[in-house]
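Chemist: all I have is the shape, not the residue letters:
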């Protein structure tokens, strides 16, 4: 069977002027941009992934043993998802986690208090936690605190990577207070219960969770708390200043936090973890 060859006649071919083609293409592109702009989703079609890192011993805020990693961990991940990011999460000691973010091995860490030394290396988000810090002591060796000088001659325990409270810095510099460092807050409470240090500073929720974990049912019999706070502080999500997307990450996080707070999502997360004990920053 013969196949008839198709012939194209030059007489039937029409060439459009080049300027008309360009105008037509430009109009089509403009229409596509206009239509897509009107229906574009709030989140990017392909989410960016942020590598998160947080500490292991800061219950009820962050801990790998808690549901959703703790109240702050769940809050941060919900806010970043709202901002259009996917996330991975790893747990490291606080000092190592901070260094991972500064060097670029991780993108984001939390929650950290603000101080001048950290401010050299990282950008801070809006506040994600408010804390009131107290002095905790061994009931077998009572401590009084109405002014900083009352702590002179004592030894306190600070976990590696934690911020030294401003009230204690001058006393440490002058040698009036000795700082013993331990790997974790659990270790500090163990040293306190054993009488190897005189006091630990933290907030009520962390002290309660740590005491129960380390000392069990005898925690309240062993550990006392001074009513007068030693400090009130805020904690933040942080990103390295060297990260080329640092300002954008912080901006998107802050905007998304506000949206979720206005919808009551963040408050619901906190109630699920903590009941009505404490409210999230507004």
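Modeler: Yep, that arrived. Here the structure is a predicted model, which means the values were calculated and not measured. Residues are numbered from 1 along each chain as shown.

Chemist: can you pull out the helices in the stretch 101-250 of the chain?
Modeler: 116-119, 166-173, 185-193, 204-215, 219-222, 246-262 (DSSP state H, counting those that start in this stretch).

Chemist: redo the ones you listed as JSON lines? Include mean neighbour count.
Modeler: (Glycine included, C-beta is placed from N, CA and C.) Formatted as JSON lines, the helices of the stretch 101-250 of the chain follow (neighbours: other Cβ atoms under 10 Å):
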{"stretch": "helix 116-119", "mean neighbour count": "11"}
{"stretch": "helix 166-173", "mean neighbour count": "15"}
{"stretch": "helix 185-193", "mean neighbour count": "22"}
{"stretch": "helix 204-215", "mean neighbour count": "19"}
{"stretch": "helix 219-222", "mean neighbour count": "14"}
{"stretch": "helix 246-262", "mean neighbour count": "17"}
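
Chemist: would you turn the ones you listed into CSV with distance to residue 85 and mean pLDDT?
Modeler: CSV is the format used below for those (distance: least, Cβ to Cβ, whole Å; pLDDT from 0 to 100):
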stretch, distance to residue 85, mean pLDDT
helix 116-119, 23, 94
helix 166-173, 33, 93
helix 185-193, 29, 97
helix 204-215, 27, 95
helix 219-222, 38, 94
helix 246-262, 8, 98
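
Chemist: show me the contacts for residue 140.
Modeler: 195, 222 (Cβ atoms under 8 Å, 6 or more residues apart in numbering).

Chemist: wait, which of the helices of the stretch 101-250 of the chain is closest to residue 98?
Modeler: helix 116-119 (7.7 Å; Cβ to Cβ).

Chemist: of the helices of the stretch 101-250 of the chain, which approaches residue 125 most closely?
Modeler: helix 246-262 (5.2 Å).

Chemist: for the closest one, name the packing helices and strands.
Modeler: helix 71-82, strand 122-138, strand 231-240, helix 265-274 (3 or more Cβ pairs under 8 Å, 6 or more residues apart in numbering; DSSP states H and E).

Chemist: packing partners for the first one?
Modeler: Pointing back at helix 71-82 there. Contacts defined by 3+ Cβ pairs under 8 Å, 6+ apart place helix 71-82 against strand 48-54, strand 85-91, strand 108-113, strand 122-138, helix 246-262, helix 265-274.

Chemist: wait, residue 113 touches residue 234, no?
Modeler: Yes: in this structure, residue 113 is within contact of residue 234 by Cβ atoms under 8 Å, at 7.0 Å.

Chemist: across the sheet, point out what pairs with the residue nearest to residue 156 when sequence neighbours are not counted.
Modeler: Nearest residue to residue 156 in three dimensions, chain neighbours excluded: residue 199, at 4.8 Å (Cβ to Cβ, 6 or more residues apart in numbering). With beta bridges defined as DSSP bridges, residue 199 has these partners: residue 137, residue 156.
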